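Enquirer: Quick one: sequence plus predicted model below, questions after.
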Number of protein chains: 2
Amino acid sequence: MKVLLVEDDPLHAAFLRDAVDQALPEVEQVLTAENGREGEAMARKGVGAVVMDLQMKERNGIDAARTIWSERPETRILFWSNYADEAYLRGLSRIVPPGSPYGYVLKTAPVQRLHLAMRAVLIEGQVLVDREIHRLQQRQSRPALALNESEYAVLLDMALGLPDREIARRRGMSERTVQNRLLSLYDKLAVDLQNAALGVNKRNRAVACALISGALNVEALRIAEREMQDWLTRG
Amino acid sequence: MKVLLVEDDPLHAAFLRDAVDQALPEVEQVLTAENGREGEAMARKGVGAVVMDLQMKERNGIDAARTIWSERPETRILFWSNYADEAYLRGLSRIVPPGSPYGYVLKTAPVQRLHLAMRAVLIEGQVLVDREIHRLQQRQSRPALALNESEYAVLLDMALGLPDREIARRRGMSERTVQNRLLSLYDKLAVDLQNAALGVNKRNRAVACALISGALNVEALRIAEREMQDWLTRG
DNA sequence: GCGGCGCTTGCGGGTTCCCGCAAACGACTC
DNA sequence: GAGTCGTTTGCGGGAACCCGCAAGCGCCGC
């Protein structure tokens, strides 16, 4: 049996290899790739089981998984990632072919959970998803609560402190449209306090609700901050 | 040699006991306490080494540590906690007597880091602080950046989406005073973009800066949310 | 006592935000 | 082509926020 590991960070890659050695004694050959593009190429050599990071420089895990699954839908893919936010999940749920075995484990989980997931997904072909991720998936499956691409973008910009005018400029829409996005965000994130008596600052509350429900997380915010700084210096 | 474990959650307590068995073979006796009050009492029996959770129902770890250190400043205390936010750190940095050996490990850290910290602090009497915590401590040591109690409270309320009026009511100050707190928050959190050209929504940006710098974290936000809900239903 | 210092508070006005209303513009159906 | 539905956009007004200014307090050293 062959396993392919697709992971950016050499430290993490070494850790993964150890984990495979320990959890999957039946594995005969471990292939490695450093980014999504390499991963796709390696997968064509007939690998039935893949462990893959989601965010990588060259080509991210979502795109690589789509390619791999489009060529071999039976491939068992275990995603192993740091982050749990809507943006990645939205991508993920769209590309898993119906019935394909896959799994999602957070890098912060204890090792034995990774071992378990490797056995369950790669050997047994089960579907195994971290509890926290699953909560987000459920959230997304209800269209009344799922955020779409542009709502998410506006949420990020707002969370970073951009006023309507700047969001509009950055995303190429009118201020009024930005405000419409905000309205639907306020709605989906259940911003209003049931105690209707007193007022709320909806902008701040929306960010709080998103953080608490997991729709947004601090890592995503950090990344968005860097992107915004880039955008600022360039444009 | 005796070690005292002070921990609320029985599961975590069992985990700690295991860790002591593995990391500290020289320990002859392990005492346990379920809250800060018990912990203080047990410490009087002449325990030189303590591992303690920070948040406990009956009496929290900060208060217990203050008592213990006031009676026996040489006691070696390793704090083992989930959270890394300003509120606890502010308490902590005020009570560590100069030269007392202590440590701070996050519960999310891998076991071996806990083992290491136990040896370093409890046996060797070193000072060992998690990297992330240390960043926060440094921040606090610069008075121009450290948030004081009331600024932190206002930051939390604002992050939860309360408007000035409600923050004022809740914290018993005038709206103008709330705004003054916000001003100093904007200042300390470096809310303004260096690119002075464009506007900012300071409220949102302040929360973003606090989250990114670690002055605020999502756990603290969740707890604050529950407290606010309580406050809403009661008052 | 008294001048200085820091914190709190009220006032006022400029800015931003929130959002109902209505017109405009696809896209799709019949 | 007419009708419907969803989205985008402008307008306008009421509310919230940001913040300079100045008056009011308690606390300290002299």
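Expert: Sure thing, it's come through. None of the values given here were measured: they were computed from a predicted structure.

Enquirer: Around A:L185, count how many other residues there are.
Expert: Residues near A:L185, counting by other CB atoms under 10 Å in any protein chain shown, number 23. C-beta coordinates here come from the backbone N, C-alpha and C atoms, glycine included.

Enquirer: Next: A:M1.
Expert: Using other CB under 10 Å, A:M1 has 12 other residues around it.

Enquirer: any low-confidence regions in chain A?
Expert: A:84, A:140-145, A:194-197, A:235 (pLDDT under 70).

Enquirer: Can you check which helix is longest in it?
Expert: Longest helix of chain A, by residue count under DSSP state H: helix A:218-234.

Enquirer: ok, it near chain B or not?
Expert: Yes. Interface with chain B: helix A:218-234 contributes A:V218, A:L221, A:R222, A:E225, A:L232, A:T233 (CB under 8 Å from any CB of the partner chain).

Enquirer: A:G199 contacts B:E166, doesn't it?
Expert: Yes. The pair A:G199 and B:E166 passes the contact test of CB atoms under 8 Å, sitting 6.7 Å apart.

Enquirer: out of those two, which sits in the busier spot?
Expert: Shown here are A:G199 and B:E166; by other CB under 10 Å, B:E166 has more neighbours (22 against 13).

Enquirer: Report the spatially nearest residue to that one, omitting neighbours in sequence.
Expert: Once flanking residues are discounted, B:E166 sits nearest to A:L198: 5.5 Å by CB to CB, 6 or more residues apart in numbering or on different chains.

Enquirer: cool, A:S100 as well?
Expert: A:P73 (5.6 Å).

Enquirer: that older thread, so the residue nearest to B:E166: helix, strand or coil?
Expert: Three-state call for A:L198 (DSSP: H, G, I helix; E, B strand; the rest coil): coil.

Enquirer: Just give the number of residues close to it.
Expert: 12.

Enquirer: Point out the residues in chain A that sit beside DNA strand D.
Expert: A:S150, A:M173, A:S174, A:E175, A:R176, A:T177, A:N180, A:G199, A:N201 (CB under 7 Å from any atom of the strand).

Enquirer: ok, of the residues you listed, which come out buried?
Expert: By neighbour count, with 16 or more other CB atoms under 10 Å in any protein chain shown, the residues of chain A next to DNA strand D hold A:M173, A:T177, A:N201 as buried.

Enquirer: okay if I get these as CSV plus distance to chain B and secondary structure?
Expert: CSV is the format used below for these (distance: CB to the nearest CB, whole Å; DSSP: H, G, I helix; E, B strand; the rest coil):
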residue, distance to chain B, secondary structure
A:M173, 17, coil
A:T177, 17, helix
A:N201, 5, coil
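
Enquirer: can you redo the residues you listed as JSON lines with distance to A:D130?
Expert: Output for these, formatted as JSON lines (distance: CB to CB, whole Å):
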{"residue": "A:M173", "distance to A:D130": "35"}
{"residue": "A:T177", "distance to A:D130": "35"}
{"residue": "A:N201", "distance to A:D130": "33"}
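
Enquirer: DNA strand C next: which of those are close?
Expert: With CB under 7 Å from any atom of the strand as the criterion, these include A:N201 near DNA strand C.

Enquirer: what residue lies at the spatial centre of chain A?
Expert: Centroid-nearest residue in chain A: A:Y88, 2.6 Å away (criterion: CA atoms, centre = their mean).

Enquirer: Spell out which parts of chain A neighbour chain B.
Expert: Proximity of chain A to chain B (CB under 8 Å from any CB) is limited to residues A:108, A:110, A:158-163, A:165-166, A:191, A:193, A:195, A:198-209, A:211-212, A:217-218, A:221-222, A:225, A:232-233.

Enquirer: now the helices for chain A?
Expert: Counting by DSSP H, the helices of chain A are A:10-23, A:36-43, A:61-71, A:86-95, A:111-117, A:131-141, A:149-159, A:164-171, A:175-188, A:202-213, A:218-234.

Enquirer: so how far is A:D63 from the residue nearest to A:S100?
Expert: Applying CB to CB, to the nearest Å, the value for A:P73 to A:D63 is 16 Å.
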